[in-house]
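Asker: Quick one: sequence plus predicted model below, questions after.
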Amino acid sequence: MKKILYCEDQFELAEIVTGCLEHSGFQVDYCTNGAEAIKKYRLDKPDILILDIVMPELDGFRTAEKIRESDIDTPIIFVTAKTTTEDVVKGFEIGANDYVKKPYSIEELIVRVNSLLRNRQVPEVKTHQLGKYTFDPSRKKLEISDEIRKLSYRESELLRKLVESKNEIVKRKDILENLWDGENFFTSRSLDVFVSKLRGYLKYDKNIKIVNVRNAGYILLLPD
């Protein structure tokens, strides 16, 4: 039975969500604030975390940051009414794997939980040589000379998709559907931010370029 650590300070909502998750076969450990969530996480490491952002003592962003200091693999879903582009991007930059906006359907949340748990079971993939860089998707690392950059889940997966289709167009729609579970204004803007970040990470090799193909997607151009 998969374990979910669920953190939500609205008791009525939490009671409904917890009951539905348990009915769907999950073991749910419920808490009401970020400080308590970190304690429970350390005591009994869950398979996935569902965190509200606006919480007392320690908000969801800071809670996720503390967990990501030692754990980059356990999936984290933010559930929140904070829906500005800046909030969504910040959540993904911290290392969230998904971002569900309130109000949401329980069915949608369960689908997203199951999707992330399946993705965790994907076998490790080989490292890639990108010009002067070495990219290790399984460890989410991008290395050049003595410098190692740790990538977030979405940074690593986005770069992996571009690498696996190097010198060919990767459709924007496909990226959004695979990594963001659909396309809307917020996810589209978030993708633009992530592509810009990858360009910055790869700037020390002038032969590597991520090209925006208007109304189509992106191409990762690599030297032969």
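Answerer: Great, that's in hand.
Asker: Just the pLDDT at the most centrally placed residue in the chain, thanks.
Answerer: For the chain, the residue nearest the mean C-alpha position is Asn97 (2.3 Å; Cα atoms, centre = their mean). pLDDT, Asn97: 87.
Asker: burial count for the closest residue to it other than its chain neighbours?
Answerer: In space, not counting the residues next to it along the chain, Asn97 is nearest to Pro75; the distance is 4.4 Å by Cβ to Cβ, 6 or more residues apart in numbering. In short, each C-beta sits where N, CA and C put it, glycine included. Neighbour count for Pro75, taken as other Cβ atoms under 10 Å: 22.
Asker: The chain: helices as residue ranges?
Answerer: Counting by DSSP state H, one finds helices in the chain at the ranges 11-23, 34-43, 60-68, 85-94, 106-119, 153-164, 172-179, 185-201.
Asker: So what's the residue count around the closest residue to Glu65 other than its chain neighbours?
Answerer: Leaving aside its sequence neighbours, Glu65 sits nearest to Ile94 (Cβ to Cβ, 6+ apart; 5.5 Å). With neighbours defined by other Cβ under 10 Å, the count for Ile94 comes to 18.
Asker: Ile94 against Ala64, yeah?
Answerer: Yes: between Ile94 and Ala64 there is a contact at 5.0 Å, judged by Cβ atoms under 8 Å.
Asker: pretty sure Val28 is touching Tyr6, no?
Answerer: Yes: using Cβ under 8 Å, Val28 makes contact with Tyr6 at a distance of 5.4 Å.
Asker: okay, and the common contacts of the two?
Answerer: Common neighbours of Val28 and Tyr6 (criterion: Cβ atoms under 8 Å, 6 or more residues apart in numbering): Thr18, Leu21.
Asker: The two: which is more packed in?
Answerer: Tyr6 (24 against 19).
Asker: Which residue or residues pair with the more buried one through a beta bridge?
Answerer: Beta-bridge pairing for Tyr6 (DSSP bridges): Tyr30, Ile50.
Asker: can you tell me how far it sits from Ser70?
Answerer: Tyr6 sits 21 Å away from Ser70, going by Cβ to Cβ, to the nearest Å.
Asker: now swap in Phe194 and tell me
Answerer: Distance of Phe194 to Ser70, given as Cβ to Cβ: 23 Å.
Asker: Check the residue nearest to Glu65 and give its pLDDT.
Answerer: Ile94 is given a pLDDT of 84.
Asker: Not counting residues beside it along the chain, what's closest to Leu109?
Answerer: Counting by Cβ to Cβ, 6+ apart, the residue nearest Leu109 is Val100, at 6.0 Å.
Asker: Local confidence estimate at that neighbour?
Answerer: On the pLDDT scale, Val100 gets 88.
Asker: I'd like the distance from stretch 49-58 to the chain centre, please.
Answerer: Its chain's C-alpha centre and that of stretch 49-58 lie 17 Å apart, by Cα atoms, centre = their mean, to the nearest Å.
Asker: Show me what counts as buried in it.
Answerer: By neighbour count with 16 or more other Cβ atoms under 10 Å, stretch 49-58 contains the buried residues Leu49, Ile50, Leu51, Asp52, Ile53, Met55, Leu58.
Asker: Over to stretch 130-142?
Answerer: Leu130, Tyr133, Phe135, Asp136, Pro137, Arg139, Lys140, Lys141, Leu142.
Asker: Can you pick out the most distant pair from the buried residues of stretch 49-58?
Answerer: Ile50 and Leu58 (15.5 Å; Cβ to Cβ).
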